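Chemist: would you be able to build a 3D model of this:
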Amino acid sequence: MSEEQAGRQLPPIDHEWTPAAGDARRYALIGTVRGLARPKRATFIVGALALFIALTVVLADWRWLVFAAFAIGVPIAISYWKLRHALAATMNPTVRWASGLDDENLLIQSPVGVTVLPLRSLTAVTERGRVVYLRVPPHPTPLGFPSALFAPGTVDALRAAIAARS
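Modeler: Residues are numbered from 1 along each chain as shown. Presented below is the predicted three-dimensional model:
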């Protein structure tokens, strides 16, 4: 803990969440699909599929589609498996997550540790399904947290804090 953090008052925990059985699988799937939706990856996948379909039509050989299924499907399956394996330790019914919010900071307590995000560092808050994404520069991608981790009204309060700075 840095000296700045040592002198800072942490927000009180106002909400707790325990993952259900199967949450590692669910959030790994969400993360994998979200990763595929990134513009560069989506463009690559669509381009590769178009190439394999064109090869199948031009060469009249269905084996190109089988090759495409493996060439595209295997890396996606490996990404999902790696993410699911990584989440297994933190997304199971034996662990506890918690969050808290005050006027200056958002506290997130996970099995990995405690994260304190100053509200002034947040630039965007997006909620998609079961996940709340927090954009914190200079991170290139938003940080994703289970929406069940946050107390009712927390996401709106975070958005209000960002709007108040604008």
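Chemist: next, the buried residues of stretch 13-26.
Modeler: Neighbour counts over stretch 13-26 (16 or more other CB atoms under 10 Å) mark W17, P19, D23, A24, R26 as buried. (Each C-beta comes from the backbone N, C-alpha and C, glycine too.)
Chemist: the residue most central in space within the chain and W81: what is the separation?
Modeler: The chain has G144 as the residue nearest its centroid, 3.2 Å off, counting by CA atoms, centre = their mean. Between G144 and W81 the distance is 18 Å, computed by CB to CB, to the nearest Å.
Chemist: swap in L117?
Modeler: 30 Å.
Chemist: per-domain residue ranges of the chain.
Modeler: The chain breaks down into these domains under automatic domain parsing: 3-18+96-165, 23-88.
Chemist: check the offset of the helix or strand containing I53 from the chain's centre.
Modeler: Using DSSP states H and E, I53 falls within helix 39-59. Between the centre of helix 39-59 and the centre of its chain there are 27 Å (CA atoms, centre = their mean, to the nearest Å).
Chemist: so which bits of the next helix or strand after it are buried?
Modeler: Moving toward the C-terminus from helix 39-59, the next helix or strand (DSSP H and E) is helix 63-88. Going by neighbour count (16+ other CB under 10 Å), the buried part of helix 63-88 is W64, A68, I72, S79, Y80, L83, R84, L87.
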